[in-house]
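just to be clear, the model below is a prediction. Sequence and coordinates:
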Amino acid sequence: MKRAAFALVLVTLVACSDNTLRVIYEEAPLAEQPDALGPTIWVDEFQQRTVEASDILFVIDDSCSMEDEQEELAANFDAFIQHFDGTNLDFHIGVTKGDLEPGATDDWGILENLPDGTKWIDADTADPIAAFNDIANVGASGSGECEMGLQASFSALQYQANPGRPNDGFYREDALLTLVVVSDEIDHGADETTIPLFPSCDGIQPNEYIPWWSNSLKGAGNQDKLIWTGIVGDRPGGCDANGNTADEGEGYWDVIDGVGGNHLSVCSDDWSEFLTQLGFEAAGLKTSFQLRRIPLESTIVVEIDDEVIEEGTIWTYDRTRNAIDFPIEYVPEELSILRVTYQLQEDTGFIVPDDD
């Protein structure tokens, strides 16, 4: 997530990396400094976001090696959706397959049917967890040739969302959009083949997908309405743990880096904490707030609605991401104002300690 005097800037989380809210920054005038050469006091101010509507799309690889991962996702869906309970959030949750048949573009990105024939879970769904368990287990009978989570999501939110197409009504321009790709493969959109009877996958590539996602889908300047997440293979080299193996998520990592997305290893032994945090994000709440400048850590002061909050169990500073993090039980409430004041590290000659 990224962001000067009372200007609104949009920012973007990984691992749960930051996906941003409305962010306000104010740099104190020079006259407020102890003297002209004194350290600059910088203030970052955030308002905890609240949203009225949220669309969540899961793109799930249905190739032959994905049964365990589908079961893991379904088993932890309650951790994700728990944050929607007791709210007036207008949500849509849909699933589409990520292993696409070459050339069958008219079928790419269609949402899976719920048992009642509808295509997404919403506040009227009698048992959202049972419904998700049904549609998330998309099977493992895909061709295994063209696992293309990028193309599947593009088709689901573009072509298939057009009036009269199967996904019409799922995607809403004004809603917060959370996209979750689950795959143990690379994205094959860029694959080409000269083998007879095996056509090229011919899917969208990261260099086309990133500007579409960041600037075209919601319009330029609306990145705070977008959360991109890849539950894919680690880098470098993929992963092999907990009975699961995965290639490095090539293509997906380009997008994670390009849009400031989130990542969970598809080989992780526990998806619940990650999905809990992602559920907060999808419901419109933030657990992490990225600072605009590098602080002198000993000078950081955090206030919520003008009350100073002590560091430790309530908040911590993550040096790697330059962010103020809150555990789930202390997440700032909707519309609360978070104010972070600090001296700039660059004014002090301070060297960041080496964690190693």
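Nice, thanks for sending it over.

pLDDT weak spots in the chain?
Applying pLDDT under 70 to the chain flags the ranges 1-38, 192-199, 348-356.

and the helices in it?
67-75, 77-81, 128-136, 149-157, 206-211, 252-259, 272-282 (DSSP state H).

which one of those helices is the most hemmed in?
Among the helices of the chain, the stretch with the highest mean neighbour count (mean count of other Cβ atoms under 10 Å) is helix 149-157, at a mean of 26. The C-beta positions use only the backbone N, C-alpha and C, and glycine is treated the same way.

quick one, that helix and helix 252-259 angle?
Relative orientation of helix 149-157 and helix 252-259, computed by axes from the mean of the first three to the mean of the last three Cα atoms, to 10 degrees: 60 degrees.

list the contacts of the nearest residue to Cys267 once chain neighbours are set aside.
Among residues not flanking Cys267 along the chain, Cys239 sits closest, at 3.8 Å (Cβ to Cβ, 6 or more residues apart in numbering). By Cβ atoms under 8 Å, 6 or more residues apart in numbering, the residues touching Cys239 are Gly233, Thr245, Ala246, Ser265, Val266, Cys267.

switch the residues you listed over to CSV; also include distance to Gly149.
Below are the contacts of Cys239 laid out as CSV (distance: Cβ to Cβ, whole Å):
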residue, distance to Gly149
Gly233, 12
Thr245, 18
Ala246, 13
Ser265, 16
Val266, 12
Cys267, 17
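
could these go into a markdown table alongside neighbour count?
Shown next, in a markdown table, are the contacts of Cys239 (neighbours: other Cβ atoms under 10 Å):
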| residue | neighbour count |
| --- | --- |
| Gly233 | 27 |
| Thr245 | 14 |
| Ala246 | 25 |
| Ser265 | 22 |
| Val266 | 31 |
| Cys267 | 21 |
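
picking up where we left off before, of all the helices of the chain, which lies closest to Val182?
For the helices of the chain, distance to Val182 was read as Cβ to Cβ. The smallest value, 6.0 Å, belongs to helix 67-75.

tilt between that closest one and helix 128-136?
Per the same axes, to 10 degrees, the angle that helix 67-75 makes with helix 128-136 is 160 degrees.

report the angle between helix 67-75 and helix 272-282.
60 degrees.

what's helix 67-75 in contact with?
Applying Cβ under 8 Å, 6+ apart, the contact partners of helix 67-75 are 58, 60-62, 132-133, 136-138, 140, 182, 184, 231, 243-244, 266, 271.

Asp55 contacts Asp90, doesn't it?
No - contact criterion Cβ atoms under 8 Å: Asp55 and Asp90 do not qualify, at 9.5 Å.

intersection of neighbour lists for the two?
Common contact partners of Asp55 and Asp90 (Cβ under 8 Å, 6+ apart): Ala175.

quick one: which of these two has more around it?
Set Asp55 next to Asp90 and count neighbours by other Cβ atoms under 10 Å: Asp55 wins out with 23 against 15.

state the distance from the closest residue to Leu285 other than its chain neighbours to Thr87.
Spatial nearest neighbour of Leu285, chain neighbours left out: Val331 (5.6 Å); criterion: Cβ to Cβ, 6+ apart. Note on Val331: its distance to Thr87, by Cβ to Cβ, to the nearest Å, is 14 Å.

same check on Ile337?
For Ile337, the distance to Thr87 - Cβ to Cβ - is 21 Å.

can you name the two of the contacts of Cys239 that are farthest apart?
Farthest pair in those, by Cβ to Cβ: Thr245 and Ser265, 11.3 Å.

can you count the residues close to the closest residue to Ile294 other than its chain neighbours?
Nearest residue to Ile294 in three dimensions, chain neighbours excluded: Gln345, at 4.5 Å (Cβ to Cβ, 6+ apart). Residues near Gln345, counting by other Cβ under 10 Å, number 17.

which residues sit in contact with Gln345?
Residues near Gln345 by Cβ under 8 Å, 6+ apart: Arg293, Ile294, Pro295, Leu296, Val352.

am I right that the first one is in contact with Gln343?
No - if you go by Cβ under 8 Å, Arg293 and Gln343 don't touch, sitting 9.7 Å apart.

contacting residues around Ala175?
Ala175 touches Val51, Glu52, Ala53, Ser54, Asp55, Asp90, His92, Lys225, counting by Cβ under 8 Å, 6+ apart.

now, those that are in strands?
Ala53, Ser54, Asp55, Asp90, His92 (DSSP state E).

the stretch 51-200 of the chain: strands as residue ranges?
53-60, 90-97, 176-182 (DSSP state E, counting those that start in this stretch).

include distance to Asp306 when you put those strands into JSON lines, please.
Shown next, in JSON lines, are the strands of the stretch 51-200 of the chain (distance: least, Cβ to Cβ, whole Å):
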{"stretch": "strand 53-60", "distance to Asp306": "29"}
{"stretch": "strand 90-97", "distance to Asp306": "32"}
{"stretch": "strand 176-182", "distance to Asp306": "28"}
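
which one of these lies closest to Val302?
strand 176-182 (25.1 Å).

and the angle from the closest one to helix 272-282?
Angle, strand 176-182 to helix 272-282, by the same axes, to 10 degrees: 150 degrees.

returning to what we had before: nearest to Ala220, of the ones in strands among the contacts of Ala175?
When the ones in strands among the contacts of Ala175 are compared against Ala220 (criterion: Cβ to Cβ), the nearest one is Asp55, at 19.5 Å.

got a list of what the closest one touches?
Residues near Asp55 by Cβ under 8 Å, 6+ apart: Phe91, His92, Gly94, Phe170, Tyr171, Arg172, Ala175, Leu176, Leu177, Thr178.
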